[in-house]
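Chemist: Below are the sequence and a predicted model; questions follow.
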Amino acid sequence: MSYSYFAEYYDLLTENVNYQDRADYLLRLFERHNHVLGLTLDLACGTGSMTIELKKRGLDIFGADASIDMLSEAQRKACEEELDILFLCQKMQELELFGEINTCICTLDSINHITSKKVLGTAFEKISYYLKKDGLFVFDANTVYKHREILGDNCYIYDTEKVFCAWQNNYNEKNHKVIITLDFFEPRGKSYIRSSEQFTERAYTDEELKQLVKAADLTVEAVYDDMSFEPPGETSQRKIYVIRKK
């Protein structure tokens, strides 16, 4: 999946995401866990918004994503900010770096885009391989509750000056997968140009994620509710996992 059309409109459809606040939260989280970030990988960095925010705060950071279209947007934005950031076109499960890293982050539900438990396990093993001893891997993930109760079979409409987007979900209770279909309508004079994108996200249980982490020779140090340092509850929509390589 290249997310070609989605890449073009991704930032418009995620304007509600406050990357500055999320970057500040991540820095507080690392401070809370007494971790010096060092060389940091922003895995599944998408259009690079988080990478750029953390680079502005002085981090030695680079990004990787499987979509060349997403990375093209990321590189364009970094150039506009006059920031020198390396972006690699690589899938999580096929990660191939030039050396070890101190820290890895994977934010905004990117984990959920891997719908195979086996493939996700391979991705965790790759991260573990490149992570230095005592390094930290922090990722977030949508919960089963969010997929079932919030996304479900619901439809959403996004109406902006640049594009009109119809977002449709199809939820499977058996495997907690949501098939997401996006139809974009971009105004061209008195008519519209239509383009479509479809992808699937899967929610994993807490136990499934912890088993995959353990199998990759990593240790769960903490699990938080989204953007907090409180434990998640039954209705938490996103969880933050802090993983250490012992």
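Modeler: Great, that's in hand.
Chemist: Ramachandran coordinates for residue 52?
Modeler: According to degrees, to the nearest 10, the main-chain angles of residue 52 amount to phi -70, psi -40.
Chemist: so it makes contact with residue 78?
Modeler: Yes - counting by C-beta atoms under 8 Å, residue 78 is a contact partner of residue 52 at 5.9 Å. Where C-beta positions appear, they are placed from N, C-alpha and C, glycine not excepted.
Chemist: Can you check which residues contact both of these two?
Modeler: Overlap between the contact sets of residue 52 and residue 78, as judged by C-beta atoms under 8 Å, 6 or more residues apart in numbering, is given by residue 85.
Chemist: Tell me which residues touch residue 66, please.
Modeler: Contacts for residue 66 (C-beta under 8 Å, 6+ apart) come out as 1, 44, 89, 90, 91, 92.
Chemist: most neighbours, which of the residues you listed?
Modeler: Across the contacts of residue 66, the neighbour count under other C-beta atoms under 10 Å reaches its highest value at residue 44, namely 26 neighbours.
Chemist: For that one, which non-adjacent residue is closest in space?
Modeler: The shortest distance from residue 44 to any residue other than its chain neighbours is 3.4 Å, reached at residue 110 (C-beta to C-beta, 6 or more residues apart in numbering).
Chemist: Tell me how far the residue of the chain positioned farthest from its centre lies from residue 90.
Modeler: Distance from the C-alpha centroid of the chain, by C-alpha atoms, centre = their mean, peaks at residue 190 (36.5 Å). Here residue 190 is placed at a distance of 43 Å from residue 90 (C-beta to C-beta, to the nearest Å).
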